[in-house]
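Visitor: I'll drop the sequence and a predicted model, then ask my questions.
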Amino acid sequence: MNHGITNYDNYKTIIFHIDVNSAFLSWSAVKKLRDEPGSIDLRTVPSAVGGDVKSRHGIITAKSIPAKKYGIVTGEPVVKALQKCPNLILVQGDFTTYRMYSHAFIEIIKRYSPKLQQVSIDEAYLDMSGEKELFKDSESEDFPWPLNVARLIRDEIRNTLGFTVNVGISSNKLLAKMASDFKKPDLTHTLFPHEIQEKMWPLPIGDLYGCGKSTASRLTSLGIKTIGDAANSDYEFLCSILGENAAGYIYNSSNGYGSTKVHDEYEDAKSYSNETTLKSDLTADSYDKEIEPILKYLSGKVSGRLKRDGVYGCTITVSVKTGNFKRHSAQMKIDSSTDDDAVIYKCAKILSDKLLLGDEGLFIKGEVIRLVGVGVSKLDDGSYRQLNLFDVLAEIPHSGTPGATGSKSAIDKEPDFDKKFQRQKKLDQMAKEIDTRYGKGTIIKGSTLK
């Protein structure tokens, strides 16, 4: 446990960030031990979740702590990970199991405070500000009440569910999140404002929550190597290299400022999105020629990730960043959730036209576009997908059109929707397997050749 001497009564808010240690790997390990008593615990050996276990293709989506010591990182190709560690044990992802353990994890921690905000499948915030009276009788000199509650949570999850969590404690969400990312596993850390200089400022700038790799690389190249360097930088200088919005976030976060609001309901933050920075600014003059391949590329990337994880979404979003670094977005909800790139593209084109063209569009305001993104959210597993009326009509041959047969009414011809759906899924799976074996882009849609 890592904490200093803190008078918790000095803080109006006490917020926990609770994060499952190596969630997918841990949950796969627990399931394996449950199904195969006496088998090896994947968490104790170099192991990882990701890719096709038999072909050893794909990417790493989770790794054990021993695997991390070999330099294996999330998102890298399985082939590369195996080069670093030839004895790496690979396991297939199992999202049914992951959802089950995620639900059990949330059910436990919400008993400690009614103010819970789940932010992903394996992490959540708890607002413990009003819970002192409930837990103060169990505190001791070594365990003030927040630290004692954190210990109780960790013990219950470990003993009941078989996996471990880290708990970060602070007066706002940003610092609590940063604290939970300190040394793992199964530990409690604090990061209150008076501890920032000692615990957070020496960390590399890339460790600041919300600071992406490209931003971290740019800052490092300019001599801003640690979070403390950013905190003590000239704000105007940061604005000149990052833009006002990004600079404001980096400056405020590195100085420990963050939200104290813990929403009482689950915010489904999980979504799939891809964006690209354009080689040259998109303008009203170049829009018609250039937007189609951009949106098709992004829609294809998002679709591929949805299909990889076996999920569908019913909210499509298009976002853009203008020449002055301001972000704008538009979204629409469709009746039937989808993972199809053609559907995503059609919606994205409608949204892009709405956002950029017309009397209220950004182009009429003189803006240029330097970044475009496409996203899909409001996810489900496909169990409740509905048939779209236009899909139905497309399957029914009408009299006087190709496909109508003799005098038999077209409406009497029963469309086989399930076969069509299954046929498309098989084609998608075949394309995925070919791309996995021979490399991405081996099979492409004819429409992209343009």
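Guide: Arrived safely. On a predicted model such as this, the values are computed, not experimentally measured, just so you know.
Visitor: where does the closest residue to residue 262 other than its chain neighbours sit relative to residue 118, distance-wise?
Guide: Closest residue to residue 262 apart from its sequence neighbours, by Cβ to Cβ, 6 or more residues apart in numbering: residue 127 at 3.9 Å. No exception for glycine: its C-beta is placed from N, CA and C like everyone else's. Computed as Cβ to Cβ, to the nearest Å, the residue 127 to residue 118 distance reads 13 Å.
Visitor: Pretty sure the residue nearest to residue 262 sits against residue 113.
Guide: Yes. Between residue 127 and residue 113 there is a contact under Cβ atoms under 8 Å: 6.1 Å.
Visitor: so how far is residue 124 from residue 96?
Guide: Distance from residue 96 to residue 124, by Cβ to Cβ: 21 Å.
Visitor: quick one on the thing from earlier: who touches the residue nearest to residue 262 in this structure?
Guide: Residue 127 is in contact with 13, 14, 15, 113, 115, 116, 262, counting by Cβ atoms under 8 Å, 6 or more residues apart in numbering.
Visitor: contacting residues for the second one?
Guide: Contacts for residue 14 were tallied using Cβ under 8 Å, 6+ apart; they are 8, 127, 128, 129, 131, 146, 169, 171.
Visitor: before we move on, could you check phi and psi at the nearest residue to it once chain neighbours are set aside?
Guide: Nearest non-adjacent residue to residue 14, counting by Cβ to Cβ, 6+ apart: residue 128, 4.5 Å away. As for residue 128, its main-chain torsions (degrees, to the nearest 10) stand at phi -100, psi 10.
Visitor: Residue 147 is in contact with residue 128, correct?
Guide: No. The pair residue 128 / residue 147 is not scored as a contact, 11.0 Å apart, by Cβ under 8 Å.
Visitor: which one of those two has more residues nearby?
Guide: residue 128 (23 against 20; other Cβ atoms under 10 Å).
Visitor: So between residue 96 and residue 124, which is more surrounded?
Guide: Neighbours per residue (other Cβ under 10 Å) separate residue 96 from residue 124, with residue 124 holding more: 23 against 10.
Visitor: show me the contacts for the residue nearest to residue 14.
Guide: Residue 128 makes contact with 14, 15, 16, 112, 113, 146, 149, according to Cβ under 8 Å, 6+ apart.
Visitor: Check the gap between it and residue 118 for me.
Guide: Taking Cβ to Cβ, one finds residue 128 at 16 Å from residue 118.
Visitor: swap in residue 316?
Guide: Counting by Cβ to Cβ, the gap from residue 316 to residue 118 is 24 Å.
Visitor: Comparing these two, which residue is more hemmed in?
Guide: Between residue 316 and residue 118, residue 316 has the larger neighbour count (other Cβ under 10 Å), namely 26 against 21.
Visitor: what's the pLDDT at the more buried one?
Guide: The score at residue 316 is 95. That number is its pLDDT.
Visitor: same thing with residue 268?
Guide: pLDDT for residue 268: 45.
Visitor: ditto for residue 302
Guide: So residue 302 comes in at 93 (pLDDT).
Visitor: Only C-alpha atoms, please: export the helix or strand encompassing it in CSV.
Guide: Element membership for residue 302, per DSSP states H and E: helix 287-309. Taking Å, rounded to 0.1, in the frame of the first residue of the first chain, the C-alpha atoms of helix 287-309 are listed here in CSV:
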residue,chain,number,x,y,z
TYR,A,287,-15.1,17.8,-50.6
ASP,A,288,-17.0,16.0,-53.4
LYS,A,289,-13.8,14.4,-54.7
GLU,A,290,-12.1,13.5,-51.5
ILE,A,291,-14.7,12.7,-48.8
GLU,A,292,-16.0,9.4,-50.2
PRO,A,293,-12.7,7.4,-50.0
ILE,A,294,-12.0,8.9,-46.6
LEU,A,295,-15.3,7.9,-45.1
LYS,A,296,-15.2,4.4,-46.8
TYR,A,297,-11.7,3.8,-45.3
LEU,A,298,-12.8,4.9,-41.8
SER,A,299,-16.1,2.9,-42.0
GLY,A,300,-14.2,-0.2,-43.1
LYS,A,301,-11.8,0.1,-40.2
VAL,A,302,-14.6,0.5,-37.6
SER,A,303,-16.6,-2.3,-39.2
GLY,A,304,-13.6,-4.6,-39.0
ARG,A,305,-13.2,-4.0,-35.3
LEU,A,306,-16.9,-4.5,-34.6
LYS,A,307,-16.8,-7.9,-36.5
ARG,A,308,-13.6,-8.9,-34.7
ASP,A,309,-15.3,-8.5,-31.3
